[in-house]
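**Student:** predicted model and sequence below, questions to follow.
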Amino acid sequence: SLKELRNHLFKLNRLGLLLILFTILFTGCKDGESSYNNNDDGVDPPVVVNSIDIGRADTFEAVTWNLKNFPADEIRTVEYLTKFIPEIGADVFAIQEIAERSAFLDLVNQLPNYDGIAMTSDHYQNLGFIYNPSTVTFISAEEIMEWEEYYFLRIPLLLTVEYDGNIIHLITVHFKANDDGSSDDNRRRRSCQLLDEYITDNLSDAKVIVLGDMNDELTDEDGENVFEVFLEDTNEYLFADMEISQSANTGNASYPSYPSHIDHILVTNELFPQLAQENSLVQTLLVDYQMDGGLGTYRSYISDHRPVAIRLDMTIPTALKTITWNIERFPKAGDSTIDEVTHFINTWDADYYGLQEIANTPELMDLADDLPNYTAYVANYFVYQSGDTYNPPVGCLIKSTLNVTDTYTILDSYDDYREFPRSPLVVEATFGNEELVFINIHLKAAGDNYIDSNDLWDEETRRLGAMNRLAEFITTHYGDKKVILVGDLNDRIQEGPSTNVFTAFLDAPLEFQFADMEIALDPQYDNYSYPENYPSHIDHILITNELFDYFDSSDVEVLTPDYDVSSWGYYESVISDHRPVSMILNF
């Protein structure tokens, strides 16, 4: 299956590009050998970004900053910070190592656009937050898990704010430093486990950012990595600075003295879509580059840690556009086909294109490489006879608005060939906060409009069998997931029961709905997805009931690219004998 045999070319997704192009490197400062710069296979060093201005009016920014026994200097430290904090421009700053609470409040009072919160309990090196009340609305602040002081040493501080309609929970931490080898490792490991338990029990469906001086490296080996509880649960957590941590460029370390990367930012899955947006980034802020005397001056008057910032574009897409298109033995006219298909893909700007009849996989991959923000996938599938070229596989183009989590084929064995001569391709992906399953199929063509149950190789019988099995497969394997089925189904959904191959879906209206049924019930030339040789509507989109609330039949149409070129004759000879069908879901 495609799970075992992925024969695709992958583009860098948008998140990968952002983290490589715009992020700055972090490393660890444990005693003993640092793993920060020992990864010979690590990613290439990112571009050093000297600017510290990361504040934008249309994004949410948070910064973690260990200020080393604040204030390092009773006068100069506050002077510097009253300059740099507004220049950075973040909405929230999570501060560690507040040695003098009165000095911290004095700093806040000298920042005209900021308010602050410092822990009131008497702890060494307390935690605090500085936030901009004109961009975020304060909701609450509390010290959490105060009974776990042995493991945390500094009790975590939780700040809850509202930003542009989003409730965001920020937890700042300062884990035990590495003074006592394995004992401190165990305390940091347990701190992570306790945080996971707290988030699971209290903030399971919330947007959470954990940020602070965690005093350990993300790149340690399995068994030695104190962050395993987060790293192993990739469905729930993501270290936003992971790719930065893996870089070989120590010049951007958050703890430059060692150098190592120990200041981290962890987000929960409710923020994965926001982090993947084009305007989002994660970056070490090289404040020392802005000071006369550089790093030496910075360490004397501010800290031995650099701040680490995250910027999140909270405006995620809500309208999902899906198109199914049989592009008939692509590319049937070589470069002319590729040029025309590229034009229409860019024009329609769909999030998901389910494509059928990919006769030349490398050509589709090349086309995707030339498209901004698209990745191509093509199904590996069982070939009934060696050298069979009659059944070109299905494929798809995925825009970066979709975060692909898995791709594979189903019903792809020798025994499945009769019903599925082209194996269905499944793409599991997230769109915003929605988890989706796309299934792309191409059923057996032709027939005489009669279901001959005595002939298992009868075309209608094969399509009927395929639909029965697929309905059962979706029910069994995808449960309550949001499923979109697209493809060239080579039959009409509006026929009577005696000749209708789609009864498994049509007889379960509470579970399934053909999104294009109204089009099928209005037979006219512009509604035909197969308008010429056998005028009919045979390319369909089906959704499961989990998507009914987001669906409006007025958002489904047969596209007519043949009207946009010189003639149907040109369209058919250069592009396809099928028109695409489009659907928009509004979440």
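**Tutor:** Noted; the coordinates are in hand.

**Student:** three-state assignment of residue 141?
**Tutor:** Look at residue 141: counting by DSSP: H, G, I helix; E, B strand; the rest coil, its state is strand.

**Student:** look up how far residue 414 lies from it.
**Tutor:** Using Cβ to Cβ, to the nearest Å, residue 141 is found at 63 Å from residue 414. To be clear about C-beta, it is placed using only N, CA and C from the backbone, and glycine gets the same treatment.

**Student:** ok, these two, which is more surrounded?
**Tutor:** Applying other Cβ atoms under 10 Å to residue 141 and residue 414 shows that residue 141 carries more neighbours, namely 17 against 9.

**Student:** and the more buried one, what is it in contact with?
**Tutor:** Residue 141 sits next to 117, 129, 157-160 when contact means Cβ atoms under 8 Å, 6 or more residues apart in numbering.

**Student:** dump those into JSON lines; add pLDDT, distance to residue 105 and neighbour count as well.
**Tutor:** As requested, these are exported to JSON lines (pLDDT from 0 to 100; distance: Cβ to Cβ, whole Å; neighbours: other Cβ atoms under 10 Å):
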{"residue": "117", "pLDDT": "93", "distance to residue 105": "10", "neighbour count": "20"}
{"residue": "129", "pLDDT": "98", "distance to residue 105": "12", "neighbour count": "24"}
{"residue": "157", "pLDDT": "96", "distance to residue 105": "15", "neighbour count": "26"}
{"residue": "158", "pLDDT": "97", "distance to residue 105": "20", "neighbour count": "20"}
{"residue": "159", "pLDDT": "98", "distance to residue 105": "16", "neighbour count": "24"}
{"residue": "160", "pLDDT": "98", "distance to residue 105": "21", "neighbour count": "19"}
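
**Student:** residue 249: which of these is nearest?
**Tutor:** If you rank these by distance to residue 249 using Cβ to Cβ, residue 129 comes first, at 29.9 Å.

**Student:** do I have it right that the closest one meets residue 92?
**Tutor:** Yes: counting by Cβ atoms under 8 Å, residue 92 is a contact partner of residue 129 at 6.2 Å.

**Student:** shared neighbours, these two?
**Tutor:** Shared contacts of residue 129 and residue 92, defined by Cβ under 8 Å, 6+ apart, comprise 159, 170.

**Student:** about what we covered before: and the contacts of residue 141, which of them are in strands?
**Tutor:** If you go by DSSP state E, those have 117, 129, 157-160 in strands.

**Student:** so which of the residues you listed comes closest to residue 446?
**Tutor:** Checking the ones in strands among the contacts of residue 141 against residue 446 with Cβ to Cβ, the nearest one is residue 160 at 61.6 Å.

**Student:** the closest one pairs with what?
**Tutor:** As for beta bridges, residue 160 partners with residue 140, residue 169 under DSSP bridges.

**Student:** what's near enough to touch it?
**Tutor:** Contacts of residue 160 (Cβ under 8 Å, 6+ apart): 139-141, 167-170.

**Student:** switch the cut-off to 6 Å
**Tutor:** Counting by Cβ atoms under 6 Å, 6 or more residues apart in numbering, residue 160 touches 139-140, 169.

**Student:** which among those end up buried?
**Tutor:** Neighbour-count burial (16 or more other Cβ atoms under 10 Å) is assigned, among the contacts of residue 160, to residue 169.

**Student:** please produce JSON lines containing the contacts of residue 160, extended by distance to residue 542.
**Tutor:** Below are the contacts of residue 160 laid out as JSON lines (distance: Cβ to Cβ, whole Å):
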{"residue": "139", "distance to residue 542": "42"}
{"residue": "140", "distance to residue 542": "45"}
{"residue": "169", "distance to residue 542": "38"}
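
**Student:** is residue 116 in contact with residue 109, as I believe?
**Tutor:** No: using Cβ atoms under 6 Å as the test, residue 116 is too far from residue 109 to be in contact (8.5 Å).

**Student:** more neighbours, the two?
**Tutor:** Neighbour totals were compared for residue 116 and residue 109, and residue 116 leads with 17 against 13 (other Cβ under 10 Å).

**Student:** show me the contacts for the residue sitting nearest the centre point of the chain.
**Tutor:** Nearest to the mean C-alpha position of the chain, by Cα atoms, centre = their mean, lies residue 403 at 3.7 Å. Residue 403 sits next to 276, 429-430 when contact means Cβ under 6 Å, 6+ apart.

**Student:** need the next SSE after the helix or strand harbouring it, C-terminal direction.
**Tutor:** Using DSSP states H and E, residue 403 falls within strand 402-409. Sequence order places strand 422-431 as the next helix or strand after strand 402-409, per DSSP H and E.

**Student:** now that next one: average pLDDT?
**Tutor:** Averaging pLDDT along strand 422-431 yields 94.

**Student:** can you find the helix or strand in the protein with the smallest mean pLDDT?
**Tutor:** Taking mean pLDDT, DSSP states H and E as the measure, helix 14-22 is the helix or strand of the chain with the lowest mean score, a mean of 33.
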